[in-house]
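Asks: kindly return the folded structure for what I paste below:
(one chain, ligands or ions: 1)
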Amino acid sequence: MNKPKVFIARKIPKHVEDYIAEFCDYEKWDKDEFIPRDMLLKRIQDKEGIMQARVIIDEELLEYAPKLRVVSNISVGYNNFNIDAMKARKIIGTNTPGVLDDSVADLVFSLTLCTARRIAELDKYVKEGRWTATDDLNLLGTDIHHSSIGIIGMGRIGEAVAKRAKLGFDMEVFYYNRNRKYKLEEELGVRYCDFESLIKTCDFIVLLVPSTKDTYHLIDYKEFSLMKRNAILINASRGQTVNEKALIKALQDKKIFGAGLDVYEQEPIKSNNPLLKMSNVITVPHIGTATVETRANMASVAAINLVKALYGEIPPNIVPELL
Ligand code: DGY
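Replies: As a prediction, this is how the structure comes out:
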């Protein structure tokens with residue numbers, strides 16, 4: 001029997017590639033940079049499956065790949081899927097939830113700590129030889145321990161952040177979510193809060209909602225104006241959840257203390273973006289899941305999703321809208 005043809009559009013560990021090779025006839029892209037779109041479109045014309053990260057799966061791509069049956073994301077987010085277009089062609093779309101929660105939560109905390117204690121700014125200060133014998137009164141940050149954190153989007157990653165906040169830093173943890181998490185409230189002592197109260201009262205505001213029509217520019221200038229002057233915004237979800245122009249203005253107007261950002265409205269961020277000039281903003285390049293271990297686990301989950309779907313089994317992680 002002929003094996004199904006697939007294209008792997010991101011570097012993956014050898015053992016995952018070997019697993020795919022058992023079941024599929026595959027071609028791969030194994031350069032560090034993203035595959036150029038035109039090259040991808042040429043290489044998927046005869047493929048039944050694609051495994052990739054952050055490739056926009058839209059009408060155009062689907063037109064180029066008439067045999068396509070499965071798109072396996074190596075990510076938990078799937079805002080790269082045009083759900084209607086995929087539905088119309090009965091394409092199965094999968095993602096990789098579960099294996100990345102702790103890594104993303106660790107990154108949220110790195111951003112929280114670095115922003116509050118001005119780590120990047122003060123690292124530069126020391127390295128540039130500006131640490132002289134003067135007192136350190138200009139170098140004060142703000143406390144994380146015993147402060148309050150508001151988590152917007154209490155999924156698995158939110159829970160991992162809440163645990164770190166509560167058990168590691170004795171923070172008061174509030175959350176806003178579509179559904180109440182009564183068990184978590186009871187077990188961890190986190191408190192449900194309406195959206196407006198959360199942004200008005202929390203010292204740290206962490207965005208972990210997926211990017212959808214409903215969450216587009218969820219945080220805009222109005223929301224920044226409601227925040228405390230010492231508030232710090234952490235965004236580890238998707239750039240589209242924050243109006244970046246409003247964020248820049250809020251920082252310029254000193255409406256908030258700072259921001260820790262893993263994601264941006266445009267990625268990679270443009271070199272002239274004013275955020276890059278702001279010492280109270282920590283910017284990292286969408287690395288929430290970027291550890292060797294987690295990326296390997298994500299690739300394994302994505303490979304299982306791909307193979308199962310191609311062989312007519314129900315893959316473990318079909319995204320809910322395509323079920
Ligand atoms: C995810 O898994 O969605 C991360 O943001 C990496 O893309």
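
Asks: mind listing what the nearest residue to residue 289 once chain neighbours are set aside touches?
Replies: Residue nearest to residue 289 in three dimensions, not counting chain neighbours: residue 100, with 4.4 Å by Cβ to Cβ, 6 or more residues apart in numbering. Placement of C-beta: from N, CA and C, glycine included. With contact taken as Cβ atoms under 8 Å, 6 or more residues apart in numbering, residue 100 is in contact with 76, 157, 288, 289, 294, 297, 298.

Asks: with residue 198 instead?
Replies: Residue 198 neighbours (Cβ under 8 Å, 6+ apart): 150, 152, 174, 175, 176, 205.

Asks: one more time with 6 Å, if that's ok
Replies: 150, 174, 176 (Cβ atoms under 6 Å, 6 or more residues apart in numbering).

Asks: coming back round to it: per-residue confidence at the residue nearest to residue 289?
Replies: Per-residue pLDDT puts residue 100 at 98.

Asks: what's the answer for the one 3 residues further on, then?
Replies: We note a pLDDT of 98 for residue 103 in this prediction.

Asks: then the one 5 residues further on?
Replies: For residue 108, the pLDDT comes out at 98.

Asks: again with residue 133
Replies: At residue 133, pLDDT is 79.

Asks: quick one, phi psi at it?
Replies: phi -80, psi 0 (degrees, to the nearest 10).

Asks: count of neighbours near it?
Replies: Residue 133: 4 surrounding residues under other Cβ atoms under 10 Å.

Asks: stretch 139-158 - what's its average pLDDT?
Replies: Rounded mean pLDDT across stretch 139-158 is 98.

Asks: now do stretch 25-39
Replies: Stretch 25-39 comes out at a mean pLDDT of 96.

Asks: quick one on the thing from earlier: neighbour-wise, which of the contacts of residue 198 leads?
Replies: Neighbour max across the contacts of residue 198 (other Cβ under 10 Å) = residue 150, 25 neighbours.
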